[in-house]
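when you get a sec, could you give me coordinates for this:
(one chain, ligands or ions: 2)
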Amino acid sequence: MKNMKIKEILMTEEEISGIVSCLADRINNDCKNCDKLTVICVLKGAAVFASDLIRKLSVPDVKVCFIKAESYGSAVESSGSVKINSYEPLEIQGEDVLIVEDIVDTGHTLSQLTAQLKKLRPRSLKVCTMFDKPTRRCTEFVPDYAGAEIPNEFIVGYGLDFDERYRNLPYVAVLDDCTE
Ligand code: IMP
Ligand code: MG
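Numbers count the residues shown, from 1 in each chain. Ligands and ions are numbered 1, 2, ... in the order given. All right, here's what the predicted structure looks like:
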């Protein structure tokens, strides 16, 4: 396995917490007339972010679902073909739905995911991502809420992994060049 070292801390725990609070304020403001919201957390990367975000939501009735989006493509870039795995039936017809994602890169995952979820006829469907890499986009996808723009670097921590490692870091870091 490749051995990677942390090169640089891009965002501290305190900075992350401030960004999550700003996102929650925006969502709460937009949802001030809603009494219900269904949050769909995209595993595994968004688990840490979603757990912080949902605790700051002021909508009276928040339902939380988990899905896994598997994308078939090369190891480094996702493809246009995304399979959704859900742990329970996704009953979102007529609901206000917020998809919570860790990072939007090419945009393939979320453009496919939103297209598939729209077929279940939610009342509204919005996407909140913690991180966004707009310079890497090769689709038209634009998230409704994006916490922080990330330069064209591979980041880990706060739920994001490299080869399933580093998800537990409370900060966000850039990895150094690989050594075999
Ligand atoms: P997209 O379909 O290219 O937008 O890819 C989105 C998925 O790729 C995210 O949900 C992450 O799982 C993964 N990803 C993209 N960039 C990074 C990164 O910098 N660090 C960790 N995972 C990433
Ligand atoms: Mg993800």
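
okay, and the beta partners of residue 145?
As for beta bridges, residue 145 partners with residue 128 under DSSP bridges.

and residue 14, how far from residue 103?
20 Å (Cβ to Cβ, to the nearest Å). The way it works is simple: take the backbone N, C-alpha and C, and place the C-beta from them, glycine included.

these two: which is more packed in?
Remark: of residue 14 and residue 103, residue 103 carries more neighbours, 25 against 10, as counted by other Cβ atoms under 10 Å.

can you confirm the more buried one is in a strand?
Yes - counting by DSSP: H, G, I helix; E, B strand; the rest coil, residue 103 is located in a strand.

residue numbering should commence at 57 henceforth.
OK, 57 is where the count begins now, so the last one is residue 159.

thought it was touching residue 189?
Yes - with contact defined as Cβ atoms under 8 Å, residue 159 reaches residue 189; the gap is 6.7 Å.

spit out the residues that contact those two alike.
Applying Cβ atoms under 8 Å, 6 or more residues apart in numbering, one finds that residue 159 and residue 189 are jointly contacted by residue 206.

check the secondary structure at residue 167 for me.
From three-state DSSP, the assignment for residue 167 is helix.

adjacent strands (with direction) for the worst-scoring helix or strand of the chain on mean pLDDT?
In the chain, no helix or strand scores lower on mean pLDDT, DSSP states H and E than strand 137-142, which sits at a mean of 85. Next to strand 137-142 in the sheet, as set by DSSP bridges, lie strand 117-128 (antiparallel).

for the strand it pairs with, give me every contacting residue.
Residues contacting strand 117-128 (Cβ under 8 Å, 6+ apart): 91-100, 103, 106, 110, 134-135, 137-144, 146, 151, 164-165, 168-169.

in this structure, which residue sits nearest ligand 2?
residue 101 (3.5 Å; Cβ to the ion).
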